[in-house]
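[1] Fold the following and give me the result.
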Amino acid sequence: MAKRYENLDGVSTHKTWADFRRWQRERKQKQKDLSYVVPHVSPPQYERLQEPNGRPQLCWVGHSTFVVQLNGITIVTDPVWANWMGAAKRLTAPGVPLDKMPPVDVVLISHGHYDHLHFGSLRRLKGDPHVFVPVGLGRLFRRRGYRHVTELSWWETVVFRDVSLTFVPSQHWTRRTLWDTNTSHWGGWVITSNGAPTIYFAGDSGYFRGFRDIGERFSIDYALLPIGAYEPEWFMGPQHTTPEEAVQAFLDCRSRLFVPMHYGAFRLADDTPKEALDRLWAEWRRRGLEEERLLCLKLGEVIDAAQALTALSPFDNSFSQTSAITMVKQARQKE
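    Residues are numbered from 1 along each chain as shown. Next up is the predicted model:
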């Protein structure tokens with residue numbers, strides 16, 4: 001029997017069919033304004049990815065897909081260029097067309113859910129990338145003919161051409177069929193290299209103590225954190241952070257900059273991109289955080305990851321001992 005993986009502290013994300021039916025009934029009663037779409041950068045900046053000139057660069061393609069370039073290698077996280085995710089049509093085109101992508105050296109997979117692992121997109125990437133995956137997921141890749149695949153467990157590190165890649169915990173779950181629930185793990189990735197910014201890609205996660213653990217082990221410059229697919233919170237709570245919880249996660253991991261993700265590409269839950277961003281900015285300002293530390297990238301926007309850090313003032317990002325859930329409740333009581 002295949003091993004079944006768990007969250008820290010045994011936290012369960014299990015929901016029953018009755019829960020799912022309740023969500024669908026509630027969803028039919030909601031009216032949402034879906035007119036807002038995440039903007040694309042104009043003019044396109046993807047040509048900068050072809051010649052990074054040795055500078056560390058970060059580009060948001062959309063959802064949880066980023067291009068990270070540092071020390072001469074190109075890394076892609078959770079590559080998804082799909083136009084459909086089940087019955088959900090993509091809300092806006094990816095920020096970088098697949099045919100405009102540079103050759104890829106490394107692919108980092110956070111977990112096996114289809115909106116994070118799309119083999120159709122992966123096959124079309126240029127180059128012959130080495131794919132790093134959570135433990136338990138490698139056999140799926142090998143069955144599909146992938147040769148360069150490495151599995152990692154939580155807190156394991158591998159070095160690829162002087163770039164260290166550490167697989168770190170998240171609070172989530174995974175399934176690709178009716179029979180393989182949690183037979184592979186889930187998590188995020190910390191990317192470190194001498195002389196380059198440290199980037200934490202959180203993957204998909206609910207709020208949990210692991211954010212503090214990660215912040216204690218690494219000196220993080222960029223935290224790429226999910227803010228969408230949280231409504232209804234009674235259903236999504238253990239597996240997806242709310243925008244308010246994402247702010248707390250940013251403080252917990254002691255990052256210098258926050259780049260939100262996991263919103264605006266597919267309607268996977270009841271929240272909208274505008275609602276997620278409005279709640280994120282409201283919580284950011286309520287906490288009195290500096291606005292320049294929240295980077296809401298446009299689709300396809302390419303930033304010089306080193307230059308963006310030089311303009312920042314010293315930041316004491318010591319985390320609050322109050323849990324995010326308590327902070328969210330306090331905020332809502334004031335509304």
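
[2] going forward, measure contacts and count neighbours with C-alpha atoms only.
    OK.

[3] Distance check, the residue nearest to the spatial centre of the chain against residue 63.
    The centroid of the chain falls nearest to residue 203 when counting by CA atoms, centre = their mean (3.6 Å). Distance, residue 203 to residue 63, by CA to CA, to the nearest Å: 10 Å.

[4] now swap in residue 286 and tell me
    Here the criterion is CA to CA. By it, residue 286 lies 26 Å from residue 63.

[5] more neighbours, these two?
    The residue with more neighbours, out of residue 286 and residue 63, is residue 63; 23 against 10, by other CA atoms under 10 Å.

[6] mind listing what that one touches?
    80, 261, 262, 263, 264, 265, 266 (CA atoms under 8 Å, 6 or more residues apart in numbering).

[7] Any chance of CSV for the residues you listed, columns distance to residue 93?
    Formatted as CSV, these follow (distance: CA to CA, whole Å):
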residue, distance to residue 93
80, 11
261, 15
262, 14
263, 13
264, 10
265, 8
266, 11
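
[8] Out of the residues you listed, the closest to residue 87 would be?
    Nearest to residue 87 out of these is residue 266 (CA to CA; 9.8 Å).

[9] May I ask which of the contacts of residue 63 has the most neighbours?
    Using other CA under 10 Å as the neighbour test, the contacts of residue 63 are led by residue 265, with 29 neighbours.

[10] Would you map the strands across the stretch 101-250 of the chain?
    Assigned by DSSP state E, counting those that start in this stretch, the stretch 101-250 of the chain shows strands spanning 106-108, 130-134, 149-152, 157-160, 163-168, 188-192, 199-201, 222-226.

[11] Identify whichever of the ones you listed lies nearest to residue 34.
    The nearest among the strands of the stretch 101-250 of the chain, by CA to CA, is strand 222-226 at 19.4 Å.

[12] Can you list the low-confidence ranges for the chain?
    Applying pLDDT under 70 to the chain flags residues 313-335.

[13] contacts for stretch 102-119?
    49-50, 64, 73-82, 85, 125-134, 137, 174-176, 184-189, 202-204.

[14] same thing with stretch 289-309?
    Counting by CA under 8 Å, 6+ apart, 38-41, 44-46, 48-49, 55-62, 94-96, 196-197, 221, 256-260, 284-285, 312 sit against stretch 289-309.
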